[in-house]
Each structure stands twice: as C-alpha cells, then as structure tokens.
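[1] coords below, sequence missing:
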C-alpha cells in the first residue's frame, strides 16, 4: 500500500466528478456575504464489530488529501519537489471506519452493506445494519450528509477473496481489540483519522462493547 | 441569524483564499492514479464546560456549505431557483464546538484561547486550555489537521459584550445541559453538526462530565 511514487499536482479539471468548487453568495441580516465551498457526495460509515474475534473491523488506506495536508507547507506549487524521505507516504495512511459515498439511488443501508462486503469482506443481510446517527461530514467547505451504521459480524460472514476494495481501491482491513481501541481515544492521541472514526469508536465503546 | 436571502452561486475565483482545489497525481503499486482535493486551513476546536452553570458552551451559525448540501439536489445550477419556503435557511444553522482556523503563526492553544473569547465571550488564560486529541478534519477531499482542546470556564470568566464572533461573523452562543447533550448522542439522532462535535461532546460526557 505504501509504494507511492511520482507525486505531482495539477489544475482541477472543470469536469471533476468528485470536487465541484464554487462561490456561494447570500445576504445575512442585510449584509452581502459569500462563502467558498464545494459539492461532495453524501456518504455512509459503518462501525463493524466481529463478535467471534471480539475485534473492531476498520480500514486503512493512503489518503492523497492527508498527504497533501502534511507536505503542502514545504512542497513546491506543483508538488514535484517533495522530500519523500522526510515525508514517507505511510504518514498519510489513515485508520478509518468502513465507509463509502452515496452514488446510486438505493437505500443507505444497502450502500452500507455493499461497503462492508467490498472493503472488509463480510457479507451480511441488510437487516443486520442498524442506523445510529446522522450528521454533516463537513460544515466549512462541504456540507454533505453522512449516516453512521453499526453491524455485528462473525467469522462465518467472511467471504473468501472479498474485501480490500473494488476496482482501483487499495484498502487494508485492520482489526482492533477493545483495549487497542480504548487506547486511541486517550488524551494526547495524535491520529491520522477523521473525527467520524473517533466518534464511531467511542460510541461503540460506550454503548455496545462487551464489558470487561 | 436566520434572515438569509438573495442566494446564488457563481464560479470559484482563481484567487480564493479559502478553497484551493487541484488534482493530485501519484503512482501506487505501479498504477497511475489521481485524486481531486483542496487545500483548507488547519484548525482548532474547543470543548467548553461552564462549571458555574454546569452547561456545555457551544456555537450555532448559518453554514452555506450545509445549506447547499440540502438544496443542491433541487436547486438550479446557479441556485437562484431555491424554494426558500421549502428550504428555510434555519435548516442549515449548525450546532458545533467553538472552533477556528489556524491563520497565524502562534501556538495552537493561543488560537483556541482567542476563539473561546471571540466566539463565546470567555476570557481564560492559555494555561487552562488542555489539549485532548488531534485528527484529520477531512480525509476525502481535504486533509487538514484539527486539534481539540478542553477548557472549563466560570461565569466570572465572561466578558461583557464579547462573543458572537468578530467582523462579519454571526455566531450564536448556546448552552446545553448534560441531559440535553446526552440526548443528542442517542441512537436515531439527526444532527446538523459535524462529527468533531459528536466526538467532543461524547468525550466530555465519558471523561469529564460530573457524575449525576
């Protein structure tokens, strides 16, 4: 996963299907204002607990946006001068909940079910996915909806040769014990994870984790 | 706050100081790939607990990105055809932690301290701000760092006529009891809040809230 090379940046093409930036104009309390933002897809996230192994099932992947966040202070405008020794791409491999964008008109639980299979290799009926909470995955520059699900899986739900993403995706499945998950939530933690991961894990530890 | 009118969208100017979109090219495991993303500012967030009132101190504000997320399916390409009766701007008033972007070279705790004063009107020495955890505020399209702080304030720290934001900001300070905060974390909640808010509140309830 960490074999990353030949990094450079270029203009965002006009027809990017993923990032559609624009300026939003409005008048608030009589004052004209504007805000720069972009349209991104709504999404689902899934807290997965394997009851056979008593482990949380999570995913790791290289995130270009995180890598850029790390190097952008020092790299040149086109990124070609990045010092790959100083900034190994492994720094931008993130630990996250299983998740996926809503890119077809089917129920959210179905999309969550597909992501659990495609990313983590567990085939579970949609009825086992429990909707937990919904929120806005970004409020500053994007205002997309994210709906969080919870599902318990067993080793019997595991499908051989599934998981790890589809197509070009390179996703590593990671299992975390309850003790390991608790440790990540401790004061002083420095994580390369998004806040939805933090909430999902803490929600699980608070509400669903078997008591020690 | 909810007096919002005259909404429309336009192109993102080339020189936007807030949103700098581009395409990131890289080679992973021998395969050429690209990812569309944008550079946004790093930021801080602050969980504030008023011990005099036994209330969490939070902020509400109209978020253009969330409003756009709500209306974009139905509105025309330029947004001028938005049905303001169907989509009152109050739908996009979000409940969040006190937060702010890192836009000057001073310690993060100082920036957090300033935000607590500017947004919420409490003047506390920087030593009282406790760093809790750090994470990436977005991993898909932006990879900015966010560092979360915790601070306990009292009514005596309140500064008359402070809070509510500076300059053009229109921010409402909101107090939430422990019971109200717990209720927001319940299964089935539909929030117009970001996941960092969810984590911050649940972290507080788990680690710092006075036991009932």
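    That came through, no problem. If you're wondering where the values come from, they're calculated on a predicted model, not measured in any experiment.
[2] now residue A:132. Nearest residue, chain neighbours left out?
    Leaving aside its sequence neighbours, residue A:132 sits nearest to residue A:148 (CB to CB, 6 or more residues apart in numbering or on different chains; 4.6 Å). (C-beta placed from N, C-alpha, C; glycine too.)
[3] burial count for that neighbour?
    Residues contacting residue A:148 under the criterion other CB atoms under 10 Å in any protein chain shown number 25.
[4] what bridges to it?
    residue A:45, residue A:133 (DSSP bridges).
[5] the one 10 residues further on now?
    According to DSSP bridges, the residues that bridge with residue A:158 are residue A:122.
[6] and it, how far from chain B?
    24 Å (CB to the nearest CB, to the nearest Å).
[7] how far away is the residue nearest to residue A:132 from residue B:187?
    10 Å (CB to CB, to the nearest Å).
[8] identify the contacts common to these two.
    Both residue A:148 and residue B:187 are in contact with A:131, A:132, A:133, where contact means CB atoms under 8 Å, 6 or more residues apart in numbering or on different chains.
[9] for the second one, give me the pLDDT.
    Reading off the confidence values, residue A:132 has pLDDT 97.
[10] which residues touch stretch A:9-25?
    Here stretch A:9-25 makes contact (CB under 8 Å, 6+ apart) with A:32-41, A:68, A:77-79, B:6-13, B:16, B:19, B:21-25, B:35-38, B:64-65, B:67-68, B:79, B:141.
[11] so what's the gap between that stretch and the chain middle?
    Distance of stretch A:9-25 from its chain centroid, counting by CA atoms, centre = their mean, to the nearest Å, is 21 Å.
[12] for stretch A:60-76, same thing?
    Relative to its chain's centre, stretch A:60-76 lies at 15 Å (CA atoms, centre = their mean).
[13] got the buried residues for it?
    A:60-72, A:75 (16 or more other CB atoms under 10 Å in any protein chain shown).
[14] in a helix, residue A:156, correct?
    Yes. The assignment for residue A:156 is a helix, going by DSSP: H, G, I helix; E, B strand; the rest coil.
[15] kindly list the main-chain dihedrals of residue A:206?
    Main-chain dihedrals, residue A:206, degrees, to the nearest 10: phi -80, psi -40.
[16] how many neighbours does it have?
    Using other CB under 10 Å, the number of residues around residue A:206 comes to 13.
[17] do residue A:42 as well
    The number of residues near residue A:42, taken as other CB under 10 Å, comes to 19.
[18] show residues contacting the helix or strand containing residue A:112.
    Secondary structure assignment for residue A:112, by DSSP states H and E: helix A:108-120. With CB under 8 Å, 6+ apart as the test, helix A:108-120 has contacts from A:44-46, A:48, A:57, A:59, A:98-100, A:102, A:104, A:122-126, A:129, A:131, A:147, A:149, A:151, A:153, A:159, A:162-166, A:169, A:171, A:173.
[19] buried stuff in it?
    Buried, per 16+ other CB under 10 Å, within helix A:108-120: A:108, A:109, A:111, A:112, A:113, A:114, A:115, A:116, A:117, A:118, A:119, A:120.
[20] which residues in chain A form strands?
    Here chain A has its strands, by DSSP state E, at A:4-11, A:20-28, A:31-39, A:43-50, A:55-62, A:93-96, A:98-101, A:130-136, A:145-153, A:172-177, A:189-190.
[21] looking at those strands, which is closest to residue B:195?
    strand A:130-136 (5.6 Å; CB to CB).
[22] got a list of contacts for the closest one?
    Under CB under 8 Å, 6+ apart, the answer for strand A:130-136 is A:47, A:108-109, A:143-151, A:196, A:203, B:63, B:66, B:69, B:94, B:185, B:187-195, B:197-198.
[23] same thing with stretch A:145-157?
    A:42-53, A:57, A:97, A:99, A:108-109, A:112, A:116, A:122-124, A:128-137, A:196, A:199-200, A:203-204, A:208, B:69, B:195.
[24] filter those to the buried ones?
    A:42-50, A:57, A:97, A:99, A:108-109, A:112, A:116, A:122, A:124, A:128-137, A:196, A:199-200, A:203-204, B:69, B:195.
[25] from the chain's centroid, how far away is stretch A:142-150?
    On CA atoms, centre = their mean, the centre of stretch A:142-150 falls 10 Å from the chain's centre.
[26] let me fix that, I meant to ask about stretch A:82-101.
    Per CA atoms, centre = their mean, the centroid offset for stretch A:82-101 relative to its chain is 12 Å.
[27] in it, what's buried?
    Buried, per 16+ other CB under 10 Å, within stretch A:82-101: A:82, A:87, A:89, A:92-101.
[28] sorry, back to before: redo the buried residues of helix A:108-120 as TSV? Include pLDDT and distance to residue B:178.
    Listed next are the buried residues of helix A:108-120 as TSV, based on pLDDT from 0 to 100; distance: CB to CB, whole Å:
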residue	pLDDT	distance to residue B:178
A:108	97	31
A:109	98	32
A:111	98	35
A:112	98	31
A:113	98	36
A:114	97	38
A:115	96	34
A:116	97	34
A:117	96	39
A:118	95	40
A:119	95	36
A:120	96	35
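[29] quick check, nearest of the residues you listed to residue A:177?
    Taking CB to CB as the measure, residue A:177 sits nearest to residue A:120 out of the buried residues of helix A:108-120, at 16.6 Å.
[30] give me the distance between residue A:167 and chain B.
    Taking CB to the nearest CB, one finds residue A:167 at 11 Å from chain B.
[31] what's the neighbour count on that residue?
    The burial count for residue A:167: 5, using other CB under 10 Å.
[32] distance of it relative to residue A:119?
    Remark: distance between residue A:167 and residue A:119 (CB to CB) = 12 Å.
[33] shaky segments in chain A?
    The model of chain A has pLDDT under 70 over residues A:1, A:73-77, A:212.
[34] nearest residue to the residue sitting furthest away from the middle of chain A in space, please, no chain neighbours.
    Centroid-distance maximum for chain A: residue A:30 at 38.6 Å, with CA atoms, centre = their mean. The shortest distance from residue A:30 to any non-neighbouring residue, by CB to CB, 6+ apart, is to residue B:3 (7.5 Å).
[35] got the contact list for that neighbour?
    A:28, A:29, A:30.
[36] again with residue A:56
    A:47, A:48, A:49, A:50, A:175, A:176, A:177, A:178, A:181, A:201, A:204.
[37] if we use 6 Å, what do you get?
    A:49, A:176, A:181 (CB atoms under 6 Å, 6 or more residues apart in numbering or on different chains).
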